[in-house]
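Enquirer: Provided below for reference: sequence and predicted model.
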Amino acid sequence: MFEFRFADRLIAWQRSHGRHDLPWQVSDPYRVWLSEIMLQQTQVTTVLGYYARFLARFPDIASLAAAPLDDVLALWSGLGYYTRARNLHKAAQKVRDEFDGVFPTTREDIETLPGIGRSTAAAIASFAFGQREAILDGNVKRVLTRVYGIDGFPGEKKVENRLWDLAESLLPADAGDMPAYTQGLMDLGATVCSRSKPACTICPMVDGCVAVRDGRTAELPTKKPKKATPTRDTLMLIALNDDRVWLERRPPTGIWGGLLSLPEFADSAAAEAWLEERGDGELLPTWPELEHVFTHYRLIITPQPARLASLRGNTVREESGQWWELEAALDAGLPAPVKRLLQRLV
DNA sequence: AAATCGGGGAT
DNA sequence: ATCCCAGATTT
């Protein structure tokens, strides 16, 4: 394997093209921590204002820990994801109560604070304490899967573990380079190796990037596999009385809201019970299953035809539905698969 | 409308 | 240890 010197390239790129003017590019772990939390799911430009206001009101961990939660939430108002603020407050109190007010210095200890996982803990350890700890957020996953051509959904344990291993193997030898290296990873992922339309022509990794070489930047990282659309089974009763069919109005919301449709049952026994309540009828052999695909699930319909010879007088029409002449039914608003079923009868 | 995202909570 | 979600934005 040829020597790609990923870290060296990244650090050099960061020094010449990265950002050096962000207010949280300091070694105070509290400031780094605050920025990392605010930057989760929120863009830099939005964070800048909130960050300044938050720090003005809570300049250190002690003041944050001592504040009422409502004051913290007020300063978070508009940022969204408010559990971040609750965790921040709780973590400040934990630092006060369990770490003697001193922010912990190892990734392991940092990770015990609420709202801080492995990647965020590593970012703080790297920026504030210059420790050789690898981060692996969404940006980094994108950069690594592309540059190293790693297939598989990064949310999958196996793939994620591999990415963590890779991220650790790429760390610069000199811990003094960690802030520039970590910032470089974040900046590269955010500004060059973007999700769509990455700026490969200006990327410092372009000549060694597997995704570029193979024309696969659009395919990597591998998308989250669509979980097999759930399947629902239903039995639709096609109750016939001469040339009339029983239809029911569906509730106004939900699937096929407000449309006329056939009554549905869990099984033939339930359908038979329905029949017996209404007259002298018999189930006929079911028709072959019918599949109907929605965006979010597949519906397997078992058509259950039945004949009702004599009706009980009070059930010709009821709250739930009524008998329809087939021709009229087909002209009414019917769900597509129901219409297909009824068309077989004419 | 769908995909995305670190961490937390549930299992 | 692993699966899945909450909550909000971006594409």
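Expert: Right, received. Where do you want to start?

Enquirer: give the contact list for residue A:268.
Expert: By CB atoms under 8 Å, 6 or more residues apart in numbering, residue A:268 lies in contact with A:235, A:283, A:286, A:304. All C-beta spots, glycine's among them, are computed from the backbone N, C-alpha and C.

Enquirer: 6 Å instead?
Expert: residue A:304 (CB atoms under 6 Å, 6 or more residues apart in numbering).

Enquirer: Single out the residue in chain A that lies closest to DNA strand B.
Expert: residue A:117 (2.3 Å; CB to the nearest atom of the strand).

Enquirer: State the pLDDT value of that residue.
Expert: In this model, residue A:117 is scored at 95, pLDDT.

Enquirer: What about it? Give its phi and psi, please.
Expert: phi -100, psi -170 (degrees, to the nearest 10).

Enquirer: Excluding residues flanking it in the chain, which one is nearest it?
Expert: residue A:111 (6.7 Å; CB to CB, 6 or more residues apart in numbering).

Enquirer: likewise residue A:8?
Expert: residue A:172 (7.5 Å).

Enquirer: Tell me how many other residues surround that neighbour.
Expert: 19 (other CB atoms under 10 Å).

Enquirer: got a list of what the spatially most central residue of chain A touches?
Expert: What sits nearest the mean C-alpha location of chain A, by CA atoms, centre = their mean, is residue A:224, with 9.0 Å. Going by CB under 6 Å, 6+ apart, residue A:224 touches residue A:153.

Enquirer: Angles on the backbone of the closest residue to residue A:188 other than its chain neighbours, please.
Expert: Spatially, and ignoring its direct neighbours in sequence, residue A:188 is nearest to residue A:143 (5.8 Å; CB to CB, 6+ apart). Per-residue torsions, residue A:143: phi -60, psi -50 (degrees, to the nearest 10).

Enquirer: tell me what the host helix or strand of residue A:237 is packed against?
Expert: In the assignment (DSSP states H and E), residue A:237 maps to strand A:231-241. On a contact count with 3 or more CB pairs under 6 Å, 6 or more residues apart in numbering; DSSP states H and E, strand A:231-241 meets strand A:264-265, strand A:298-311.

Enquirer: number of nearby residues for the residue nearest to residue A:117?
Expert: 17.

Enquirer: go on, residue A:338?
Expert: Neighbours around residue A:338, by other CB under 10 Å: 25.

Enquirer: Would you agree it is in contact with residue A:261?
Expert: Yes: contact criterion CB atoms under 6 Å: residue A:338 and residue A:261 qualify, at 5.3 Å.

Enquirer: What residues sit buried inside the helix or strand bottoming out on mean pLDDT in chain A?
Expert: When the helices and strands of chain A are scored by mean pLDDT, DSSP states H and E, strand A:290-293 comes last with a mean of 85. Residues residue A:292 are the ones in strand A:290-293 that count as buried (16 or more other CB atoms under 10 Å).

Enquirer: can you check stretch A:237-244 too?
Expert: By 16+ other CB under 10 Å, the buried positions in stretch A:237-244 come out as A:237-241, A:244.

Enquirer: what would the residues you listed look like in JSON lines with pLDDT and distance to DNA strand C?
Expert: Formatted as JSON lines, the buried residues of stretch A:237-244 follow (pLDDT from 0 to 100; distance: CB to the nearest atom of the strand, whole Å):
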{"residue": "A:237", "pLDDT": "97", "distance to DNA strand C": "32"}
{"residue": "A:238", "pLDDT": "97", "distance to DNA strand C": "35"}
{"residue": "A:239", "pLDDT": "96", "distance to DNA strand C": "37"}
{"residue": "A:240", "pLDDT": "95", "distance to DNA strand C": "41"}
{"residue": "A:241", "pLDDT": "94", "distance to DNA strand C": "43"}
{"residue": "A:244", "pLDDT": "94", "distance to DNA strand C": "43"}
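
Enquirer: so which of those residues also contact DNA strand B?
Expert: When the buried residues of stretch A:237-244 are checked against DNA strand B using CB under 7 Å from any atom of the strand, none falls in range.
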